[in-house]
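> Need the 3D shape of this:
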Amino acid sequence: MADFHAVDAFSPVTAYEAQSRFKSGKSGVDDGAVLHQPPICPECGSARVWKDGLRKIDECTDVTQRWLCRSCGLRFSLSQNNKKGNRQTIRRRVCDAETEGSRNLAAEETRTENGLAGATTLQPKSDMLKDFSEAMQASLLKMAVDLLKDGREESTVNAYIKDLHNLVTKKANLYDPENVKEVIARQQHWSDGYKRNVTFAYEALLKTMNGTWKRPKYRRQAKEPWIPPEAMVDQLIARASKKLSVFTQTVKETGARPGEVHRIPWIDIDMFHNRITINYPEKGGNPRTINVSHGLIARLNLLPKKTETVFGKFSGRIAIVGLTNLRRSLAQKMQDNRFKKINFTVLRHFKGTWEYYNTKDIRHVQYVLGHKSIQNTLIYVQIVENWQVKPDVWTSRVAHNVEEACKLVETGFEYVGCIHGAEIFRKPKHFEETSQEEHKETELEHNEINISLQNNAV
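Prediction:
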C-alpha cells in the first residue's frame, strides 16, 4: 500500500489541493495526525467525503467512523484512539476497490446490527432493524434467505422488510395475524395497492414462521397515468447533476426501469447504430433493443469507463433519491407542483404513450417496454384516444422543405396534409408547455372574439 501523509488540520483543503496530494501519493493521513475535517478519499483524492455512520466489526475493536466518497462511491474508515482529548486517526480501508484480484467487502457482507450482519447482500437501514426484536430479526433473516433461494430479487426482499417495518411502526403485533389485519385496515392514507403489497410481505414472513392466515383481499385501483409535458421533463434533466441527468435521459428514451438501466453493461450499447439493449429486465419482463438519440449516446460516451456497467455504483435507488430531491427543489423554485409528480414510472409511461402515438402499433409498444402481457400496454391506447376527442388539443406547424419536416417529425409532430404547397403537421397540446401569461393572452383573445361576434349579431 502507498504511504499516507498527514493532512493539515488548520487550513481548508480545496479540491485542487486534494487532487494534487492524490497524484503525488499523499492522499491519506499518518498515525498521530490530528484531524478536524473530513479526510481525503484514498481512491480518487476527492475532498467531497461524507460521514456514513459508525461501524464495530467485533467486540475486540473500537467503533470506527465510516466515510463515503461522493465522487467515486468508495466507502472507507479511519480507526479512532482517543487520548487526552485528541483524536488520533489512522488510515484504514474497509471497502477495497473493485479491481482484479481484490474483493469488494461492502458487496459481500451486510453491516447491520443484532446478528444480521454478513448473512446476505441485503442492506436494510440499521435504524429500521432496531424496531424489531431479536427473535423477529432472526425470522426476517430466514425470510430473506428463503426468498432469495426462490429466485426473488434483492430489491423485492428489501421492500418486504420495509413494509414489515411500517407495520411495526403502526404498533402491529407480527405474531398475531388478526391484529395485523386490523392495523392494515385502519390505515386510511394507504392505498389499496400498497395494502396489497404489505399483505404479501407479511404472508412471506408467516411462511417462514410456519404460520397461516386468511389474506385480506385488496385490489389495486387502476388509474390513468399522468403524462407530463416534454418541456418539463427536459427541464428536469437539464437541472440534474451529470450522472443523474444522463441516467434520467436514458430512462426517458428507453422506457426502462431504474434497475434495468443500472445493469446496462458497456457491451450492450451500440455506439454506431445508436441502440441500447436491455438484457437484464425486471419484473419478469422481456429483453429488448431500443433506438435512442445520438445526443444520448454522446453523453453516455463521456462517462468514465471504470466498471463493466455504464453507471457503476450509481444504483437505481441512488437515482430515485436524487430525482426525488431534485423535483422537490425544482417545484419550489418554479412554483409548479407538477414537478413533484415526475418520477421514473411517469417517464416510463411517457415513453409508452409517445411510442403508440407515433406508430399506432400496440405490439411495438409492448416490445419497447418489455411487457409480458399486452393487457399492461393497452392503457396507452386509451390515453392517445382521449387526446383525439377534443378538437382544440392540437398544435399545428407548417414545413416548407424536407429539413423542416424532418425536425417536426423528430419532435413528435405527425403529418396531416398538404395545402398550397405547404405541409401541415400537428401535435397534442398535452406536451406543449405554456406559461400562465400565454394562457391569459389566449383567454383575452377568445373574449375579444366573442365580444366582436356579439356586436356583429346585434
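
> ok, the most centrally placed residue in the chain - contacts?
By C-alpha atoms, centre = their mean, the chain has its centre lying nearest to Ile320, at 2.6 Å. Contacts for Ile320 (C-beta atoms under 8 Å, 6 or more residues apart in numbering) come out as 258, 343-344. Yep, even glycine has a C-beta here, placed from its N, CA and C like the rest.

> ok, these vs Thr307, which is closest?
Lowest distance from Thr307 to these (C-beta to C-beta) belongs to Pro258, with 17.0 Å.

> phi, psi of that closest one?
phi -60, psi -40 (degrees, to the nearest 10).

> Please report the distance of it from Asp234.
Distance from Pro258 to Asp234, counting by C-beta to C-beta, to the nearest Å: 19 Å.

> for Val183, same thing?
Counting by C-beta to C-beta, the gap from Val183 to Asp234 is 43 Å.

> repeat for Ile276
19 Å.

> try Arg317
24 Å.

> How about Pro287?
Going from Pro287 to Asp234 by C-beta to C-beta gives 28 Å.

> just Val246 next, same as before
For Val246, the distance to Asp234 - C-beta to C-beta - is 14 Å.

> Would you map the strands across the stretch 251-400 of the chain?
Under the criterion DSSP state E, counting those that start in this stretch, the stretch 251-400 of the chain contains strands at 269-270, 275-278, 288-291, 394-399.

> Between Ile276 and Asp234, which is the more surrounded one?
In terms of neighbours (other C-beta atoms under 10 Å), Ile276 is the more surrounded of Ile276 and Asp234; the figures are 22 against 13.

> Pro287 is in contact with that one, correct?
No: between Ile276 and Pro287 there is no contact under C-beta atoms under 8 Å: 11.4 Å.

> what's the domain layout of the protein?
Described in terms of automatic domain parsing, the domain architecture of the chain consists of the residue ranges 15-108, 126-208, 239-386, 390-458.

> could those go into a markdown table alongside distance to Pro228 and mean pLDDT?
Shown next, in a markdown table, are those (distance: least, C-beta to C-beta, whole Å; pLDDT from 0 to 100):
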| stretch | distance to Pro228 | mean pLDDT |
| --- | --- | --- |
| domain 15-108 | 29 | 56 |
| domain 126-208 | 21 | 88 |
| domain 239-386 | 5 | 92 |
| domain 390-458 | 8 | 66 |
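
> want to throw those domains into a markdown table with distance to Trp226?
Shown next, in a markdown table, are the domains of the chain (distance: least, C-beta to C-beta, whole Å):
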| stretch | distance to Trp226 |
| --- | --- |
| domain 15-108 | 32 |
| domain 126-208 | 16 |
| domain 239-386 | 6 |
| domain 390-458 | 10 |
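
> what's the closest of the ones you listed to Ala222?
domain 239-386 (8.1 Å).

> mind checking the end-to-end distance for the closest one?
Taking C-alpha to C-alpha, to the nearest Å, domain 239-386 runs 31 Å from one end to the other.

> mind checking how far it is from the chain centre?
10 Å (C-alpha atoms, centre = their mean, to the nearest Å).

> List the strands paired with the one helix or strand Arg66 maps to, with their directions.
For Arg66, the host element (DSSP states H and E) is strand 64-69. The pairing partners recorded for strand 64-69 under DSSP bridges are strand 49-55 (antiparallel), strand 75-83 (antiparallel).

> Identify the residues contacting Thr169.
Thr169 is in contact with Asp131, counting by C-beta under 8 Å, 6+ apart.

> Next: Cys69.
With contacts defined as C-beta under 8 Å, 6+ apart, Cys69 is in contact with 41, 43-44, 46, 48-49, 75-76.

> Distance to Lys313 and neighbour count for the residues you listed - can I get that in TSV?
Listed next are the contacts of Cys69 as TSV, based on distance: C-beta to C-beta, whole Å; neighbours: other C-beta atoms under 10 Å:
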residue	distance to Lys313	neighbour count
Cys41	13	24
Glu43	11	19
Cys44	12	18
Ser46	14	18
Arg48	14	15
Val49	15	20
Arg75	10	21
Phe76	14	24
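
> Of those residues, just say which sits nearest to Lys351.
Once C-beta to C-beta is applied, the member of the contacts of Cys69 that ends up nearest Lys351 is Arg48, at 33.1 Å.

> Check whether the closest one really touches Ser71, as I assumed.
Yes: counting by C-beta under 8 Å, Ser71 is a contact partner of Arg48 at 5.3 Å.

> Can you check which residues contact both of those two?
When contacts are counted by C-beta under 8 Å, 6+ apart, Arg48 and Ser71 are jointly contacted by Cys41.

> Return the alpha-carbon coordinates of stretch 147-155 using PDB.
The C-alpha trace of stretch 147-155 is given here as PDB (Å, rounded to 0.1, in the frame of the first residue of the first chain):
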ATOM      1  CA  LEU A 147     -36.900 -15.600  -0.800                       C
ATOM      2  CA  LEU A 148     -33.500 -15.300  -2.400                       C
ATOM      3  CA  LYS A 149     -33.400 -19.100  -2.800                       C
ATOM      4  CA  ASP A 150     -36.800 -18.900  -4.600                       C
ATOM      5  CA  GLY A 151     -35.300 -16.500  -7.100                       C
ATOM      6  CA  ARG A 152     -36.700 -13.200  -5.800                       C
ATOM      7  CA  GLU A 153     -34.800 -10.000  -6.400                       C
ATOM      8  CA  GLU A 154     -32.900  -8.300  -3.600                       C
ATOM      9  CA  SER A 155     -35.000  -5.200  -4.200                       C
END
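
> from the middle of its chain, how far away would that stretch be?
In this view, stretch 147-155 has its centroid 20 Å away from the chain centroid, taken as C-alpha atoms, centre = their mean.

> and Val233, what element?
helix 230-239.

> Can you give me the buried ones in that helix?
Within helix 230-239, the residues scored as buried using 16 or more other C-beta atoms under 10 Å are 230, 232-233, 235-237, 239.

> likewise stretch 177-194?
By 16+ other C-beta under 10 Å, the buried positions in stretch 177-194 come out as 177, 180-181, 183-184, 190, 194.

> Over to stretch 276-283?
Across stretch 276-283, burial judged by 16+ other C-beta under 10 Å covers 276-278, 280-282.

> And stretch 377-387, by the same measure?
Those would be 377, 379-380, 383-384, 387, for stretch 377-387 by 16+ other C-beta under 10 Å.
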